[in-house]
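A.B. asks: Need a 3D model of the following:
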Amino acid sequence: MAGYETIAVIYGSDSSEWEVSCRSGEYTASRIDDTKYDVYEIFARFGRWQLVAFRKRNSMRVPLPEGSRPEIDKTDFSVNLYGGKVKFDFAYIMQHGKPGETGQLQGYFEMLGIPFSTCSSFVSSLAFDKYACKGYLKGEGIVKLAPDYFVRKGCNVEEEAGKAVAALGLPIFVKPTGGGSSFGMSKVDRAEDLPEAIRFAFSEWPTVIIEKAIPGGEFTCAAYTDAGEVKTLPVIQIVSDNDYFDYDAKYNGRSNEICPAPIPDEVSDSICGTTAKIYAHLGCSGLVRMDYILAPEGLYFLEVNIIPGMTSASLVPKMVRAAGIDITEFLSTIIENG
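C.D. replies: Now for the predicted structure:
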C-alpha cells in the first residue's frame, strides 16, 4: 500500500464539461475513505485553483465560502489553510476535458513528482484525441474500427463535407476529436446538413472526426489496475430514448443503462477481454472506460474515457455496485495503485 495521507480531488475544467466535472468530483470526494485520508476539494478553472472544501479524517466536510477560499500554491501543490501549510501527496483528477484529460495536468504532476489517479500525460493526450487513439489501434487486430474522415479548422468545410460523404456514405457521426459528454456531436442523415454539423463540432475543438454510423447496440466496460493486474467491471448496455446516446440521454434520464448487460457470457467476456487488451496496448493506468458498438459482424471501438463520469448516476458507479464492490473500497484501490 502506498500510504498516502492528503488526497486532493481536482474538479472543474476549462471545457464545456466543467459542471459535470464538479458533480463527479464532489461525489468522488464524498466517497473517499475518511478513516484513511484527509480529503481536499480543489475547484480549478482557467488557471485559478481554489480550495473549496476539506474533510479531515473521521470528521465532517467543511465547505469554504466564496471570498475566503485559499489559492493553491502551484509551485509545490500545497495550500495555506488557517495559518498552516498543507502539502498534498496524491491528486485524484476529476477534470473532464481540458486540462485534466488532455495530459496537461498530468504533465504538471509528473514534473512535481506527485502521484495521481489517471493515465500518464502521454497516454492521456493520445487517448483523449479520438482520431489519434484510433490510429494507435489500427492494424492491431484487437477490435474493429469504423471508417472515418478527418478535418481541421480552417479547411474548406463544404469541400471536405462532400469528400466525407463520398468516402463514408450516410448516415455518419460528426465529433470533435477532443471532448466528451457528446458536446459538439451530431448524427447526420442528409449530405446538406454535414457542413453545419462540422462547424458545430469546431465550436468545441479545432479538429473533427467524421465516422460511418455502425448499426448495433451500444455497450461500455471499465478497466483499472489492482496490484499490477488489469481488472474489468461488468459490462453495461446503453439503450437510449433518443436517436443516439447524446447529452440529453446521458444526463437527463433519457436512457436505460442495464448492468450487467443482458448478453451471453461469452459476449460479455469478449467485451471485457477487448477492454483489457486496449488498456494494456495504450499503456493506461488508473480507471478508464471503453465504449463500443456491438454489430452483427463484431465489436466496434468508439472511444476511451480516461476520466469517466463519477456522479451517483454515472456508468462506472453502477458497474462497481453490480460487481458487489463498495465504492469507497474501490476508490481506495484506485488511490493506492496510483
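A.B. asks: Residue 90 against residue 113, yeah?
C.D. replies: No. In this structure, residue 90 is not within contact of residue 113 by C-beta atoms under 8 Å, at 11.8 Å. Every residue, glycine included, has its C-beta placed from N, CA and C.
A.B. asks: Neighbour count for these two, which is higher?
C.D. replies: residue 90 (20 against 7; other C-beta atoms under 10 Å).
A.B. asks: what about the stretch 51-200 of the chain, any weak spots by pLDDT?
C.D. replies: Where the stretch 51-200 of the chain drops to pLDDT under 70, the residues are 180-181.
A.B. asks: could I have the strand or helix carrying residue 53 exported to CSV, CA atoms only?
C.D. replies: Using DSSP states H and E, residue 53 sits within strand 48-55. Output in CSV follows, covering the C-alpha atoms of strand 48-55 (Å, rounded to 0.1, in the frame of the first residue of the first chain):
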residue,chain,number,x,y,z
ARG,A,48,-7.4,29.7,-10.9
TRP,A,49,-7.2,26.9,-8.4
GLN,A,50,-9.0,27.3,-5.1
LEU,A,51,-9.7,25.1,-2.1
VAL,A,52,-13.5,24.9,-1.8
ALA,A,53,-13.9,22.3,0.9
PHE,A,54,-12.0,19.8,3.0
ARG,A,55,-12.7,16.8,5.3
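A.B. asks: to the chain's geometric centre, what's the distance from it?
C.D. replies: Once both centres are worked out by C-alpha atoms, centre = their mean, to the nearest Å, strand 48-55 turns out to sit 22 Å from its chain's centre.
A.B. asks: what sits up against the helix or strand following that strand?
C.D. replies: Remark: after strand 48-55, the chain's next helix or strand is strand 62-63, criterion DSSP H and E. In this structure, residues lying in contact with strand 62-63 by C-beta atoms under 8 Å, 6 or more residues apart in numbering are 52, 53, 54, 55.
A.B. asks: so the first one touches residue 43, yeah?
C.D. replies: Looking back up the chat, that one is residue 52. Yes. Contact criterion C-beta under 8 Å: residue 52 and residue 43 qualify, at 4.7 Å.
A.B. asks: what is in contact with these two at once?
C.D. replies: Here residue 52 and residue 43 share the contacting residues residue 69, scored by C-beta under 8 Å, 6+ apart.
A.B. asks: Give the helix, strand or coil label for the closest residue to residue 142 other than its chain neighbours.
C.D. replies: Computed as C-beta to C-beta, 6 or more residues apart in numbering, the closest residue to residue 142 that is not its neighbour in sequence is residue 277, at 5.0 Å. Following DSSP: H, G, I helix; E, B strand; the rest coil, the label given to residue 277 is helix.
A.B. asks: what's the answer for residue 302, then?
C.D. replies: Put simply, residue 302 is strand when judged by three-state DSSP.
A.B. asks: That's all I had, so thanks and see you.
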